[in-house]
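*Asks:* Return atomic coordinates for the entry below.
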Amino acid sequence: MAPIEPLQLTRRHFFGQSSSGVGVAALASLLNEDACGKAPGSAGIEGFPNFVPQAKRVIYLFQSGAPSQMDLFDYKPKLANLRATELPDSIRQGQRLTGMTSAQSSFPVAPSKFAFKQHGQSGAWVSDLLPNIAKISDDVSYIKSMHTQAINHDPAITFFQTGAQLAGRPSMGSWVSYGLGNDNADLPAFVAMVSGSGGQPLYDRLWGSGFLPTKYQGVKFRSVGDPVLYLSNPPGFDNAARRRFLDDLGKLNQIKLEQSGDPEILTRIAQYELAYRMQTSVPELTDTSQESRHTFELYGEDAKKPGTYAYNCLLARRLAERGVRFVQLFHRGWDQHKNLPEEIAKQCRATDQASAALILDLKQRGLLKDTLVVWGGEFGRTVYCQGRLTKDDYGRDHHPRCFSVWLAGGGIKPGVTLGETDDYSYNITRDPVHVHDLHATLLHCLGIDHKRLTFKYQGRNHRLTDVHGNIVKQIIS
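*Replies:* Residues are numbered from 1 along each chain as shown. Here you go, the predicted structure:
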C-alpha cells in the first residue's frame, strides 16, 4: 500500500474534505458550520418538523417507581366505606400478580388516608399531598386513564423511554434529537439527570440511542464533580494544549474515515468538538449563583443543592432557555410496597414545589408556550393492600391497568382532566390512553408525524410508537 501523504491542511480545510463524498454536508451538520446554510445548532432530518410545531422542546419529569394514582390524583371517595373488604373478582378480572403479592390469601381494599380538594377553574381533584401542583391545575392537563403492558419496573420504565419493553431501542429523547436536531451548538440536544435515592436502578440505556447513530444519545449530567465526565482539563493541560490535541486527533480520525467510510467516525469528531465547547458552556449553565432570590423562593432551598430534584428542575429551565431539545429528569423513590403513607409524603415534599415552580417559571419567562412538560411514572399502584393493612399504614403493589400523569405547555390544552376509572381505581371506564398514544401525542406537539419518524435497522423501518399510537386529541390545544 502506498504511504499516505502528510496532510498539509488547516483545521477548517480538513473539516471540509472527505473521500466518501459525505464529508462536507455531514461535518457541517455535525459541527454547525455554515457550508450547508444551516443555522447554528445541528440539523435534524430533512422534512422535519412535518408541520408547524407548537412545542420546540420537552422536559420530562419521570417519577421512577410508580406514584400511587389514588393517593395523588384519582379521587375515590366511595372507597372509605369499603375499607378492609375484599377486592371483588369482578374488578380484578383475573389480573396477573407480581411475586410480591401472589402468595397473599387476602386482598383488602386500602382507601387513601389523604384528603382531596378541587382546585382552580377546572375543578381538578388533587390530594393535599401536592399543594403546589394543585395550584397550577388550570395550567395542566391531567390524564387519569393511562395504561401500560409491563407489570415490573425495568421493562415498564424501558417501555416508557423507548416504546419497547426489551432493552436496545432508542430512547424518546434520541428519537426527538434525531428528527429535529438541536438549537444550541454548545450543548447536547438531549440531557438526562437523576435524583432521589433507593428504588429501582436507572441504567444509561434509558437515555441511550439504541440503533440510532450514537450522536443522538443523551448526556448524563452528574451531581458530584464535573457535571459531565472529563469536562475539566487534567493538571498541566491547558485549553490551548487541548485545542492542539483535538486538531491532531481530528486529522487522524479523518484519515481513518477516508480509509473505512464509517459514519460513526463523523460522530466521534463532532462529539470531541462538542466536548471542547462544553468546557465553557456547561460551567456557565450550572452556575446558578446569579439566579434571583425570587427564583430560589419559587423552587425552594433545595434548588441550591446539586443533585436534588429541585436543583435539576431549575437546571431544566436553564437548559430550555438555551435551546436544549429534550431534558429528562428521573427521580427515584416512588416504589412504595409498604409504609406508603409516610414514604409518599416524603416524595411529595421533595418534588411538589419544584415541579410546580418549573411550570410557573417557564410561564413567567414566556417559555411554557413552546416547552412541553410531562410528569408521571411507569405504572400505577393497586387499591388492595400489599402486606398487613392497619389503621394508619398500608402498601400497594404494581398496577399497569390505570394510572395518572399530567402535561403542560407547548401544544397542550390547559385545565383538562381526561379519562375515568372505576370506583376502585382499578380499571379504565372512559378514554383509555396507552403509552404509544402518549408518545404519538408528544411527537405531534413537536410537529412530528409519529408514523414518519422512522429508522431502518435490520431490514425494518422502526419508530418510537412501533406500529401503534393515536394522538390524544382531547388534550391538544
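*Asks:* Is Lys391 located within a helix, as I assumed?
*Replies:* No - under DSSP: H, G, I helix; E, B strand; the rest coil, Lys391 sits outside any helix and is assigned coil.
*Asks:* buried stuff in stretch 196-205?
*Replies:* Buried residues in stretch 196-205, counted by 16 or more other C-beta atoms under 10 Å: 196, 199-200, 202, 205. (Glycine included, C-beta is placed from N, CA and C.)
*Asks:* I meant stretch 75-94, not that one.
*Replies:* 75-76, 79, 82, 87, 91-92.
*Asks:* I'd like the buried residues of stretch 196-205 written out as JSON lines, with distance to Gly218, secondary structure and pLDDT added.
*Replies:* JSON lines is the format used below for these (distance: C-beta to C-beta, whole Å; DSSP: H, G, I helix; E, B strand; the rest coil; pLDDT from 0 to 100):
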{"residue": "Gly196", "distance to Gly218": "18", "secondary structure": "coil", "pLDDT": "94"}
{"residue": "Gly199", "distance to Gly218": "20", "secondary structure": "coil", "pLDDT": "80"}
{"residue": "Gln200", "distance to Gly218": "18", "secondary structure": "coil", "pLDDT": "84"}
{"residue": "Leu202", "distance to Gly218": "12", "secondary structure": "coil", "pLDDT": "95"}
{"residue": "Arg205", "distance to Gly218": "10", "secondary structure": "helix", "pLDDT": "96"}
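*Asks:* before we move on, the earlier item: of the buried residues of stretch 75-94, closest to Val176?
*Replies:* Nearest to Val176 among the buried residues of stretch 75-94, counting by C-beta to C-beta, is Tyr75 at 33.6 Å.
*Asks:* one step back: TSV for the buried residues of stretch 75-94, including pLDDT, distance to Gly181 and secondary structure?
*Replies:* Formatted as TSV, the buried residues of stretch 75-94 follow (pLDDT from 0 to 100; distance: C-beta to C-beta, whole Å; DSSP: H, G, I helix; E, B strand; the rest coil):
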residue	pLDDT	distance to Gly181	secondary structure
Tyr75	98	42	coil
Lys76	98	45	coil
Leu79	97	48	helix
Leu82	97	53	helix
Leu87	97	49	coil
Ile91	97	48	helix
Arg92	94	47	helix
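*Asks:* Ile412 versus Val140, what's the distance?
*Replies:* Going from Val140 to Ile412 by C-beta to C-beta, to the nearest Å gives 8 Å.
*Asks:* quick one: which of the buried residues of stretch 196-205 is nearest Ala240?
*Replies:* Arg205 (36.8 Å).
*Asks:* And the helices in the stretch 51-200 of the chain?
*Replies:* The residue ranges that make up the helices of the stretch 51-200 of the chain, judged by DSSP state H, counting those that start in this stretch, are 69-72, 89-92, 131-135, 153-162, 172-180.
*Asks:* Mind exporting the C-alpha coordinates of the second one to CSV?
*Replies:* What follows is helix 89-92 as a C-alpha-only set of coordinates in CSV (Å, rounded to 0.1, in the frame of the first residue of the first chain):
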residue,chain,number,x,y,z
ASP,A,89,-63.2,-10.8,41.5
SER,A,90,-65.4,-8.8,39.1
ILE,A,91,-63.0,-5.9,39.5
ARG,A,92,-59.7,-7.8,39.5
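*Asks:* List of residues touching that helix?
*Replies:* Applying C-beta atoms under 8 Å, 6 or more residues apart in numbering, the external contacts of helix 89-92 come out as 107, 422, 424, 426-427.
*Asks:* Including secondary structure and pLDDT, could those go into CSV?
*Replies:* Shown next, in CSV, are the contacts of helix 89-92 (DSSP: H, G, I helix; E, B strand; the rest coil; pLDDT from 0 to 100):
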residue, secondary structure, pLDDT
Phe107, coil, 96
Asp422, coil, 98
Tyr424, coil, 98
Tyr426, coil, 98
Asn427, coil, 98
